[in-house]
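Participant: Provide a 3D model corresponding to the input given below.
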Amino acid sequence: MPEGDTVWQTASRLHHALAGKVLTRSDLRVPRLATADLTGRTVLDVTPRGKHLLTRVEGGLTLHTHLRMDGSWKVYANGRRWGGGPGHQIRAILGNADSTAVGYRLPVLELLRTTDEHRVVGHLGPDLLGPDWDPDLALAHLLQDPARPLGEALLDQRNLAGIGNVYKSELCFLLGVTPWLPVGDLPAERAAQLPALAKRLLETNRDRPIRTTTGRRGQDLFVYGRAPRPCLRCHTSVRVADQGDGSRERPTYWCPTCQPGPAPAPSRTRRRHTD
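Facilitator: Model prediction:
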C-alpha cells in the first residue's frame, strides 16, 4: 500500500494537471458511476488526506479515490501514449485541453458531495503531511491501547494518517525497538520523539523520487526489504516476519540486535524475503 508521501506526490501531480481547468473528458468506469458526467465542470483542487485522494470539482462534488495496494494515477500530455497498464484496468479518466489523468486499478472510486467528505476521511487521525497535524493528539491515539504492538498501532490510520509498511519498519528501527513491543512499554523519551520523527521522514521524502531514511546513497532504507542482508549498523542479518491482526498480515522487517525486545512467533517468521 502506498505511503503518505507517495499519495502526496500523486495529489501534487494531479493538482498541477487538473486544478483550475475545465474537464473536457470524464469517464468513470465503475457500474454505480456509469452515468456520472463531470465534463464542463472546473476542477477546484486535488487534496491528499492520509492515503486518500479528494478531487474537488465545481458544483460541490468530490471524486474520492484510494490506491490501496495496486492503484495508481498517471498524467499524460494530450497526444501522448498511455502506459500505465492495459485498457481493462482503467477505472477513471479526467481530461482537459492540455492533459489527461488516468486512474488504473483503483479499488476505491466514488463520487460524493464535498460537504460529505467526512464520511470517507472523518475517521482518520492527524495527517502527517496535512494542515491538521497535531503531534500530541497522534501520540495520545497511539498510547490509548497500551497492549497493542507498536507496528500495528502505527499502521492504524485512525491513530495518525500516512504511515505504511515501509515507514512502520523504519520508524521502529530508528526508535530502537521491535515492532512487536507493546505501545505502553515504549520508553517515554522515545514515545515523545515518535510523532516528530515520523513527520520528518515523510516530509523529507514527499518531494523525492526515491525514498530514503538513511541519508546514504545506494542504501536507502535501514531494514525494509533488506532481509536477510546485514544490518547497516551492526551487520546482523535483517529478519522479516508477518505482523497483523489475522485479517491483514504484512511483512515486517527488523534487526534483532539493534531492536531488542519481543519477537514474533517462529511460525510467522519468513525464511527469506518474499514481499
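Participant: For the rest of this, base every contact and every neighbour count on C-alpha atoms.
Facilitator: Noted.
Participant: Where does the record place the domain boundaries for this protein?
Facilitator: Residue ranges for the domains of the chain, per automatic domain parsing: 4-121, 135-268.
Participant: need the strands for the stretch 151-275 of the chain, in chain order.
Facilitator: 239-243, 250-254 (DSSP state E, counting those that start in this stretch).
Participant: Of all these, which one is nearest residue 20?
Facilitator: Between residue 20 and the strands of the stretch 151-275 of the chain, the shortest gap by C-alpha to C-alpha is with strand 250-254, which sits at 39.5 Å.
Participant: The closest one - which strands sit beside it in the sheet, and in what orientation?
Facilitator: Here strand 250-254 has these sheet partners by DSSP bridges: strand 239-243 (antiparallel).
Participant: sorry, back to before: can I get the domains of the chain in TSV with mean neighbour count?
Facilitator: What follows is the domains of the chain, written out as TSV (neighbours: other C-alpha atoms under 10 Å):
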stretch	mean neighbour count
domain 4-121	18
domain 135-268	18
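Participant: Rebuild the ones you listed as CSV, extending it with distance to residue 128.
Facilitator: Output for those, formatted as CSV (distance: least, C-alpha to C-alpha, whole Å):
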stretch, distance to residue 128
domain 4-121, 7
domain 135-268, 5
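Participant: closest one to residue 127 among those domains?
Facilitator: domain 135-268 (4.6 Å).
Participant: Out of the strands of the stretch 151-275 of the chain, which gets nearest to residue 104?
Facilitator: Taking those one by one with C-alpha to C-alpha, strand 250-254 is closest: 23.2 Å.
Participant: What lies in contact with the closest one?
Facilitator: Outside strand 250-254, the residues that touch it by C-alpha atoms under 8 Å, 6 or more residues apart in numbering are 165, 169, 172-173, 178-179, 223-227, 238-244, 275.
Participant: which one is residue 28 nearest to, not counting chain neighbours?
Facilitator: residue 92 (4.5 Å; C-alpha to C-alpha, 6 or more residues apart in numbering).
Participant: Tell me the strands beside the host helix or strand of that neighbour, with direction?
Facilitator: Secondary structure assigned from DSSP states H and E places residue 92 in strand 90-95. Each strand paired with strand 90-95, and its direction, by DSSP bridges: strand 25-28 (antiparallel), strand 99-104 (antiparallel).
Participant: Redo those as CSV? Include mean pLDDT and distance to residue 219.
Facilitator: Below are these laid out as CSV (pLDDT from 0 to 100; distance: least, C-alpha to C-alpha, whole Å):
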stretch, mean pLDDT, distance to residue 219
strand 25-28, 98, 41
strand 99-104, 98, 30
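Participant: where does the protein dip in pLDDT?
Facilitator: Residue ranges of the chain with pLDDT under 70: 1, 245-248, 267-268, 270-275.
Participant: what residue of it is the furthest out?
Facilitator: Here the centre of the chain is the reference, and by C-alpha atoms, centre = their mean the most remote residue is residue 40, at 31.5 Å.
Participant: Give me the contact list for stretch 223-238.
Facilitator: By C-alpha under 8 Å, 6+ apart, stretch 223-238 touches 166, 169-170, 173, 222, 239-240, 252-258, 272-273, 275.
Participant: try 7 Å this time
Facilitator: 166, 169, 170, 222, 239, 240, 253, 254, 255, 257, 272, 273 (C-alpha atoms under 7 Å, 6 or more residues apart in numbering).
Participant: and if you look at stretch 113-130?
Facilitator: 49-50, 60-62, 132-134, 138, 157-162, 199, 203.
Participant: export it as CSV, just CAs?
Facilitator: Extracted in CSV, the C-alpha atoms of stretch 113-130 (Å, rounded to 0.1, in the frame of the first residue of the first chain):
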residue,chain,number,x,y,z
ARG,A,113,-20.9,15.8,-2.2
THR,A,114,-17.9,17.8,-0.9
THR,A,115,-19.9,18.5,2.3
ASP,A,116,-20.0,14.7,2.9
GLU,A,117,-16.2,14.1,2.7
HIS,A,118,-16.2,13.4,6.4
ARG,A,119,-18.0,10.1,5.6
VAL,A,120,-14.8,8.8,4.0
VAL,A,121,-12.0,10.6,5.8
GLY,A,122,-13.5,11.7,9.1
HIS,A,123,-12.3,8.6,10.9
LEU,A,124,-8.6,9.4,10.2
GLY,A,125,-6.2,10.6,12.8
PRO,A,126,-4.0,13.7,12.3
ASP,A,127,-2.4,13.7,8.9
LEU,A,128,1.4,13.7,9.0
LEU,A,129,1.5,15.8,5.8
GLY,A,130,-1.7,17.8,6.3
